[in-house]
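In: Quick one, structure for this:
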Amino acid sequence: MALDNPAFSRNSAFSQQGAVAAAQDVSAQQLQEMYNQPSTPPAGETMTVESTLGKSVAGFGLLLVGAALGWLTVESVPFLWIGAGIVGFVLALVNTFKREPSAGLILAYAGVQGVFVGGISAWYEMVYGGGIVAQAVIATLVVFGVTLALFASGKIRASKKATKVFLIAMVGYLVFSLINWGLMVFGVNDDPWGMRSANFLGTGIPFGVILGILVVIMAAYSLVLDFDFIQQGVRNRAPKKYEWTGVFGIMVTVIWLYLEILRMIAITRD
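Out: This next block holds a predicted model:
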């Protein structure tokens, strides 16, 4: 699984070789001390699915508080949500490439990114109206719930082949997004959505809608990878602090999923 979410893949606690990788980094004396310790770690000091879920609820609760602030100040404090988006992006990079998880930084990301999500949601609601945000929220919850249910029942699992396809698709989507953004910035394409507004093969369906459906599928598979990494961390008996890494990974994916669904609905209304 080395080809996916760097928030997980950079840390051996979530890899199938986690125990081996950790043993290679200790001295002989430290290794002897490890052998002298009880074979079962003390209760309450390792990752659990239940505790990770509890921390996720706290993280998303803080995100909702930030979203409320961003929603209410979208007119009185213009561009606050844009600034929050920039700060949130920086915090996302810090949390992604930081070896040891920091609960404070992850909660800070949740709050700041919540302001961005709330602000941009209010903007979409003002421009497109008609409960577009409510539709996007419901769709996001449905995708998340169905994906979690399928994973918990064992009907869907991550595989190396699917993960490689996912990586290729993600790189392709990133390249397309950068090209589309460049065409819009330099005035080559003056459509509000750029190439996303193009008629798909004469069907009358905007290309952005077809692309959005594919991206939602990619985001759902990304959730599967997140759940799989958390499960692997529990099996590896990773320290309890890494539950925050699981919270961060799920939060990043859910926010991405919501924003993609929001844009896809907006394109259909445009």
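
In: Pretty sure Phe89 sits in a helix.
Out: Yes - with DSSP: H, G, I helix; E, B strand; the rest coil as the criterion, Phe89 is part of a helix.

In: Roughly how far does it sit from Val252?
Out: 11 Å (Cβ to Cβ, to the nearest Å). (C-beta placed from N, C-alpha, C; glycine too.)

In: Neighbour count for the two, which is higher?
Out: Val252 (19 against 14; other Cβ atoms under 10 Å).

In: What helix or strand is the nearest residue to that one once chain neighbours are set aside located in?
Out: Using Cβ to Cβ, 6 or more residues apart in numbering and skipping residues adjacent in sequence, the residue nearest Val252 is Ala92, 6.5 Å away. According to DSSP states H and E, Ala92 maps onto helix 80-97.

In: Please enumerate residues in contact with that helix?
Out: 6-7, 10, 66, 70, 73-74, 101-102, 105-106, 108-109, 112-113, 115-116, 118-120, 122-123, 248, 252 (Cβ atoms under 8 Å, 6 or more residues apart in numbering).

In: Downstream of it, the next helix or strand is which one?
Out: Taking DSSP H and E, what comes next after helix 80-97 is helix 103-128.

In: I'd like the next helix or strand past that following helix.
Out: Counting by DSSP H and E, what follows helix 103-128 is helix 132-152.

In: Check which helices and strands that next one sits against.
Out: helix 103-128, helix 207-235, helix 243-269 (3 or more Cβ pairs under 8 Å, 6 or more residues apart in numbering; DSSP states H and E).

In: could you dump these to CSV with mean pLDDT and distance to Phe97?
Out: Below are the helices and strands packed on helix 132-152 laid out as CSV (pLDDT from 0 to 100; distance: least, Cβ to Cβ, whole Å):
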stretch, mean pLDDT, distance to Phe97
helix 103-128, 96, 12
helix 207-235, 94, 16
helix 243-269, 95, 12
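
In: Include distance to Phe176 when you put the ones you listed into CSV, please.
Out: Formatted as CSV, the helices and strands packed on helix 132-152 follow (distance: least, Cβ to Cβ, whole Å):
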stretch, distance to Phe176
helix 103-128, 21
helix 207-235, 8
helix 243-269, 13
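
In: quick revisit: number of residues surrounding the residue nearest to Val252?
Out: Residues near Ala92, counting by other Cβ under 10 Å: 20.

In: I'd like the distance between it and Ala67.
Out: For Ala92 relative to Ala67 (Cβ to Cβ), the value is 16 Å.

In: can you check Asn199 too?
Out: For Asn199 relative to Ala67 (Cβ to Cβ), the value is 34 Å.

In: Which one's more surrounded, those two?
Out: Ala67 (24 against 10).

In: Look up the closest residue to that one, ignoring the ones flanking it.
Out: Gly118 (3.3 Å).

In: these two touch, right, that neighbour and Gly111?
Out: No - using Cβ atoms under 8 Å as the test, Gly118 is too far from Gly111 to be in contact (10.7 Å).

In: correct me, but Val224 touches Gly154?
Out: No - using Cβ under 8 Å, Val224 is not in contact with Gly154; the gap is 11.7 Å.

In: more crowded one of the two?
Out: The neighbour count for Val224 versus Gly154, taken as other Cβ under 10 Å, is higher for Val224 (22 against 7).

In: ok, now which ones touch the more buried one?
Out: Thr147, Phe151, Ile156, Arg157, Ala158 are the contacts of Val224 under Cβ under 8 Å, 6+ apart.

In: can we see that at 6 Å?
Out: Phe151, Ile156, Ala158 (Cβ atoms under 6 Å, 6 or more residues apart in numbering).
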